[in-house]
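S.K.: here's a sequence, model it:
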Amino acid sequence: MTYPNTYLIEHPLIQHKLTLMREKQTASASFRHLLREISLLLGYEITRDLEVVEKTIETPLENMQAPELSGKKLCFISILRAGNGLLDGLLDLVPSARVGYVGLYRDADTLEAIEYYKKLPKHIHNRPVIVVDPMLATGHSAIAAIDIIKSSGANRIKFLCLLASPEGIKNFNEAHPDVPIFTAAIDRELNDHGYILPGLGDAGDRLFGTR
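M.R.: Below you'll find the model as predicted:
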């Protein structure tokens, strides 16, 4: 099945590491390390269309025209708290990127996202923005975060997650059809509590060893 505006990144290394992360017995330290590695690989794909310009440089042998990134620096925005697991690896890949945070928690009864924190870089309207959260489950948190980020002026936004559900993709695309989704896997469905099946459990709890 195909999903509109959704890019499935199926690199063998990503899929292998994701399998290790899914396993129940994988410890938090290993889970964090694997997610950091996967985020580097996902980051390579999602930044493929960054704009470059040519500049003159001097190699040990001669001058040449060589490409470098152009425009305002890329911005990563983490949806707290689990988004930080993806953020760390992306910053390894693009250490000069600006970083923002949107804090949301999910109401246990309604599953709706409630904002509790926001800190975004300046000039976000001139920056390419990548919003990160490991799980796109119901989509409520991602939709709310994009609402907040758009209201701050951002207009070139991509969303990056590790796992997505069909329900989450549908909800997200209805709310933000202009924001492409990049993910390593699209799982079967959500359960009655809004968790992705087969999934990997609660990404935040597994990252930080909490319950």
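S.K.: for the helix of greatest length in the chain, name the packing helices and strands.
M.R.: Ordering each helix of the chain by length in residues (DSSP state H) puts helix 28-46 first. Secondary-structure packing of helix 28-46 (3 or more CB pairs under 8 Å, 6 or more residues apart in numbering; DSSP states H and E): helix 12-22, helix 83-93, strand 157-164, strand 181-186, helix 203-208. From N, CA and C alone the C-beta is placed, and that goes for glycine too.
S.K.: so can I have TSV of these showing mean neighbour count?
M.R.: Below are those laid out as TSV (neighbours: other CB atoms under 10 Å):
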stretch	mean neighbour count
helix 12-22	15
helix 83-93	21
strand 157-164	24
strand 181-186	22
helix 203-208	19
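S.K.: can you lay out these as TSV showing mean pLDDT?
M.R.: TSV is the format used below for these (pLDDT from 0 to 100):
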stretch	mean pLDDT
helix 12-22	97
helix 83-93	93
strand 157-164	97
strand 181-186	97
helix 203-208	90
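S.K.: redo those as TSV? Include distance to Ile38.
M.R.: Output for these, formatted as TSV (distance: least, CB to CB, whole Å):
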stretch	distance to Ile38
helix 12-22	5
helix 83-93	7
strand 157-164	7
strand 181-186	7
helix 203-208	12
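S.K.: closest one to Thr47 among those?
M.R.: With CB to CB as the criterion, Thr47 lies closest to helix 83-93 of the helices and strands packed on helix 28-46, at 7.5 Å.
S.K.: can you name the next helix or strand after the closest one?
M.R.: Using DSSP states H and E, the helix or strand that directly follows helix 83-93 along the chain is strand 98-106.
S.K.: so where is the protein shaky, pLDDT-wise?
M.R.: Residue ranges of the chain with pLDDT under 70: 111, 211.
S.K.: how many neighbours does the closest residue to Pro121 other than its chain neighbours have?
M.R.: What sits nearest to Pro121 in space, not counting adjacent residues and going by CB to CB, 6 or more residues apart in numbering, is Arg98, at 3.9 Å. Counted with other CB atoms under 10 Å, residues neighbouring Arg98 total 18.
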